[in-house]
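In: pasting a predicted model and its sequence here:
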There are 2 protein chains.
Amino acid sequence: MNPIRLAIVGLGKIARDQHLPAIAATPGIALAAIASRNATLDGVAHFDTLEALLAEAPEIEAVALCTPPQGRRAQAAQALAAGKHVLLEKPPGATVSEIAPLVDAAREAGLTLFATWHSRFAPAVEPARDFLAAHAPRSVEITWKEDVRVWHPGQDWIFEPGGLGVFDPGINALSILTRILPRPLFLTGATLAFPENRAAPIAAELDFTDATGLPIHAVFDFLQTGPQSWDIAIDSAGGRLLLSSGGARLTRDGAVLVDEKEAEYAGIYRHFVDLIGRGACDVDLAPLGHVADAFMLGRRTKAAPFSW
Amino acid sequence: MNPIRLAIVGLGKIARDQHLPAIAATPGIALAAIASRNATLDGVAHFDTLEALLAEAPEIEAVALCTPPQGRRAQAAQALAAGKHVLLEKPPGATVSEIAPLVDAAREAGLTLFATWHSRFAPAVEPARDFLAAHAPRSVEITWKEDVRVWHPGQDWIFEPGGLGVFDPGINALSILTRILPRPLFLTGATLAFPENRAAPIAAELDFTDATGLPIHAVFDFLQTGPQSWDIAIDSAGGRLLLSSGGARLTRDGAVLVDEKEAEYAGIYRHFVDLIGRGACDVDLAPLGHVADAFMLGRRTKAAPFSW
């Protein structure tokens, strides 16, 4: 079989750092075009816009939307209407409600819509899930602290409405948490710190629980310099689990269970190829739903103005 | 058959104004107890708390939770665990995500969980829905302006996180809109005005659309003195519909189609009795989902401090 002909829409940092190498390493799919206003890639067909790509490159079978979330829904709808499979970077959109009509459109057309949560493809996530299915969690502490200036340099969209601010990384923690815990969780309280000159939070503190009363506490910070923290610590009936390095490493009472090289996007593209082969969709809105709940229920505080 | 023995939890303004007369007028259900910290009702058994009621009045079969939304989930979980059917005032909770575990608990126990949206029981709502199923809408304009000092006098919880502020009435408009439109809608932009001394918005302006691009504009205001406005105007292929008085009146190009006395809560209790008889749940989270989306995507502006 010929590999699936894929176009990347939005050739920014995440596309270059993650998507390009993962696509190159994945059998069954091949990069055939780029749609990007500003950026080009040597040896790959280029279009200024998604509209131009859809009009002029009918051989493209799938698109990966790596543009900011505020415009993704409209692009996904266009691509699905043109008969393309669609991969959405995280978060899948600027609202929760906008995604259901896309799923309906994909299903009606027999196309794949894949709302990715890259952190769920980290190597220690499934082992942690299996462990917690057998050993009940007793408490969870999430520490997700990174330096926005390193990971999103100059990306003003992240502090615009819909850009989610510190929830852009924080939603990665929530995507892992909703995967590894045995029961659905829900927010019970939150504090969101908004820089005076920005429309999205730069820090957040969250409390969740589940139907059994499991205490879950999370701290998100976008101004962490020095060592970065992407840790989930879980006291369980089977000992203390520590999922660290964003899900690449897992220890139990200090003993290493998993410590592997990160290969999240390779997992994403393998899954995308599999979904297309099966004519299936994979869209889980739980992580974005928790973020929307945090904006609705959270108490706002003021933080110092932010500039790059 | 004996009527269902119902307890009201939270005997505040909405319970006295709406629930008591509706229960009295509905066959098949009867008020048998009140749980309320401060209020009592002559001739009806009284308990200080839901816990006391569940412990001491095992004959109660159903509870109507008329307490503020921030505490409703825990109360609903307790009542369901005690084998009671549960009616939730709107909004059903302080977050969207907290409701799914309640639905699971109700279904597992064979109990009814009914998340009410009282405005959907207004007399012109179903006629408007039927009309729009036959005559495609072309644009929608919502004007939902009321005086918080008249309708929620002194209720500070409404301006606390989870109280929703102006979305407490605004969600009524959204509950109608999501019922009458032929397709799911989603938010595309919003502005939320927060009084400097309060944690919830006092005014909002919202834009929605659907998969066909239908323009939907909404203005919510909590400081409307004089005439109050609860109107949804819809230009359609079959003329201009005006749903006014919160859904009690419907005109088409100025000609009256429906103009009936409001009887929303009588409809709610008839439906609750029917759901219990059928062992069914009725939980639609779409209106609350749109509100959460508005908090997440909305741009915040400052409004003057608010005091009663």
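Out: Looks like it came in fine.
In: thought residue A:134 was touching residue A:236?
Out: No - look at residue A:134 against residue A:236 with C-beta atoms under 8 Å: they stay out of range, at 9.2 Å. C-betas here are computed from N, CA, C, even on glycine.
In: mind checking which of the two has more residues around it?
Out: Using other C-beta atoms under 10 Å in any protein chain shown, the more surrounded residue of residue A:134 and residue A:236 is residue A:236, with 18 against 10.
In: over to the more buried one: give its phi and psi.
Out: Torsion angles at residue A:236 (phi, psi; degrees, to the nearest 10) stand at phi -140, psi 170.
In: any idea of the mean pLDDT for the helix or strand that contains residue A:171?
Out: Element membership for residue A:171, per DSSP states H and E: helix A:167-180. Mean per-residue pLDDT for helix A:167-180: 98.
In: same question, stretch A:243-257
Out: Mean pLDDT, stretch A:243-257: 97.
In: may I see the buried residues of that stretch?
Out: A:243, A:244, A:245, A:246, A:247, A:248, A:249, A:250, A:251, A:252 (16 or more other C-beta atoms under 10 Å in any protein chain shown).
In: find the residue closest to the second one in space, skipping its chain neighbours.
Out: Leaving aside its sequence neighbours, residue A:244 sits nearest to residue A:231 (C-beta to C-beta, 6 or more residues apart in numbering or on different chains; 4.7 Å).
In: show me what the helix holding residue A:171 is packed against.
Out: helix A:125-134, strand A:137-145, strand A:203-210, strand A:216-221, strand A:229-236, helix A:286-297 (3 or more C-beta pairs under 8 Å, 6 or more residues apart in numbering or on different chains; DSSP states H and E).
In: just the C-alpha atoms of the longest one, please, in CSV.
Out: Only the C-alpha atoms of helix A:286-297 are listed here, as CSV (Å, rounded to 0.1, in the frame of the first residue of the first chain):
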residue,chain,number,x,y,z
ALA,A,286,-12.2,15.3,29.1
PRO,A,287,-8.9,17.2,29.5
LEU,A,288,-10.3,20.3,27.8
GLY,A,289,-13.5,20.0,29.7
HIS,A,290,-11.6,20.2,33.0
VAL,A,291,-9.8,23.3,31.8
ALA,A,292,-13.1,24.9,30.9
ASP,A,293,-14.4,24.0,34.3
ALA,A,294,-11.3,25.6,35.9
PHE,A,295,-12.0,28.8,34.0
MET,A,296,-15.7,28.7,35.1
LEU,A,297,-15.2,27.7,38.7
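In: how distant is that helix from the center of its chain?
Out: Distance of helix A:286-297 from its chain centroid, counting by C-alpha atoms, centre = their mean, to the nearest Å, is 14 Å.
In: ok, residues contacting that helix?
Out: Residues outside helix A:286-297 that contact it (C-beta atoms under 8 Å, 6 or more residues apart in numbering or on different chains) are A:90-93, A:95-96, A:99, A:117, A:164, A:167, A:170-171, A:174-175, A:178, A:184-187, A:189-190, A:192, A:204, A:206, A:208, B:94-98, B:161-162, B:164, B:289, B:291-293, B:295-296.
In: kindly report the same for the second one.
Out: Contact partners of strand A:137-145, identified using C-beta under 8 Å, 6+ apart, comprise A:169-170, A:172-173, A:177, A:181-182, A:208, A:214-222, A:224, A:228-237.
In: now it: mean pLDDT?
Out: Average pLDDT, strand A:137-145: 98.
In: are any of the contacts of helix A:286-297 buried, and if so which?
Out: If you count burial by 16+ other C-beta under 10 Å, the buried members of the contacts of helix A:286-297 come out as A:90-93, A:95-96, A:99, A:117, A:164, A:167, A:170-171, A:174-175, A:178, A:185-187, A:189-190, A:192, A:204, A:206, A:208, B:94-98, B:161-162, B:164, B:289, B:291-293, B:295-296.
In: which parts of the stretch 151-300 of chain A sit against chain B?
Out: The stretch 151-300 of chain A comes close to chain B at residues A:161-162, A:164, A:183-187, A:189-190, A:194, A:199, A:210-211, A:286, A:289-293, A:295-300, as judged by C-beta under 8 Å from any C-beta of the partner chain.
In: sorry, back to before: among the contacts of strand A:137-145, the buried ones, what's the PyMOL command?
Out: Buried residues among these (16+ other C-beta under 10 Å), as a PyMOL selection:
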select buried, chain A and resi 169+170+172+173+177+181+208+214+216+218+219+220+221+222+224+228+229+230+231+232+233+234+236
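In: mind checking pLDDT for residue A:1?
Out: In this model, residue A:1 is scored at 71, pLDDT.
In: right, I mislabeled it, should have said residue A:38
Out: pLDDT for residue A:38: 87.
In: and the closest residue in space to it that isn't next to it in sequence, what does it touch?
Out: Leaving aside its sequence neighbours, residue A:38 sits nearest to residue A:11 (C-beta to C-beta, 6+ apart; 8.0 Å). Each residue near residue A:11 by C-beta under 8 Å, 6+ apart is listed here: A:34, A:36, A:38, A:39, A:40, A:41, A:66.
In: would residue A:11 count as being in a helix?
Out: No - if the criterion is DSSP: H, G, I helix; E, B strand; the rest coil, then residue A:11 is coil and not within a helix.
In: distance of it from chain B?
Out: With distances taken as C-beta to the nearest C-beta, to the nearest Å, residue A:11 is found 25 Å from chain B.
In: whichever residue of the stretch 101-250 of chain A sits closest to chain B in helix, strand or coil?
Out: Closest residue of the stretch 101-250 of chain A to chain B, C-beta to the nearest C-beta: residue A:186 (3.8 Å). Under the three-state scheme (three-state DSSP), residue A:186 adopts strand.
In: wait, it touches residue A:207, no?
Out: No - between residue A:186 and residue A:207 there is no contact under C-beta under 8 Å: 10.2 Å.
In: which residues sit against the lowest-mean-pLDDT helix or strand in chain A?
Out: Ranked by mean pLDDT, DSSP states H and E, the helix or strand of chain A with the weakest confidence is helix A:13-14, at a mean of 90. Helix A:13-14 is contacted by residues A:66, A:89, A:152, A:153, A:155 when judged by C-beta under 8 Å, 6+ apart.
In: number of residues surrounding the last one?
Out: If you count neighbours by other C-beta under 10 Å, residue A:155 ends up with 17.
In: over to the first one?
Out: By the other C-beta under 10 Å criterion, the neighbourhood of residue A:66 contains 22 residues.
In: likewise for the third one?
Out: As a burial measure, the neighbour count of residue A:152 was computed by other C-beta under 10 Å and equals 21.
In: list the residues that contact it.
Out: When contacts are counted by C-beta under 8 Å, 6+ apart, residue A:152 touches A:13, A:158, A:168.
In: swap in 6 Å and give it another go.
Out: Each residue near residue A:152 by C-beta atoms under 6 Å, 6 or more residues apart in numbering or on different chains is listed here: residue A:158.
In: same deal with the first one?
Out: Shown here is residue A:66, whose contacts under the criterion C-beta under 6 Å, 6+ apart are A:8, A:10, A:14, A:15, A:89.
In: got the phi and psi for it?
Out: The phi/psi pair for residue A:66 (degrees, to the nearest 10) is phi -110, psi 20.
In: so what's it scoring on pLDDT?
Out: pLDDT, read off for residue A:66, is 96.
In: do the same with the fourth one
Out: pLDDT for residue A:153: 93.
In: the stretch 51-200 of chain A: helices as residue ranges?
Out: A:72-81, A:99-109, A:125-134, A:148-151, A:167-180 (DSSP state H, counting those that start in this stretch).
In: now do the third one: everything it contacts.
Out: Outside of helix A:125-134, the residues that reach it under the criterion C-beta under 6 Å, 6+ apart are A:176, A:179, A:180, A:182, A:243, A:247, A:250, A:258.
In: and the last one, how many neighbours?
Out: Using other C-beta under 10 Å as the criterion, residue A:258 is surrounded by 18 other residues.
In: what's it in contact with, if anything?
Out: Neighbouring residues of residue A:258 by C-beta under 6 Å, 6+ apart: A:123, A:124, A:127, A:250.
In: one more pass at 7 Å, please.
Out: A:123, A:124, A:127, A:249, A:250 (C-beta atoms under 7 Å, 6 or more residues apart in numbering or on different chains).
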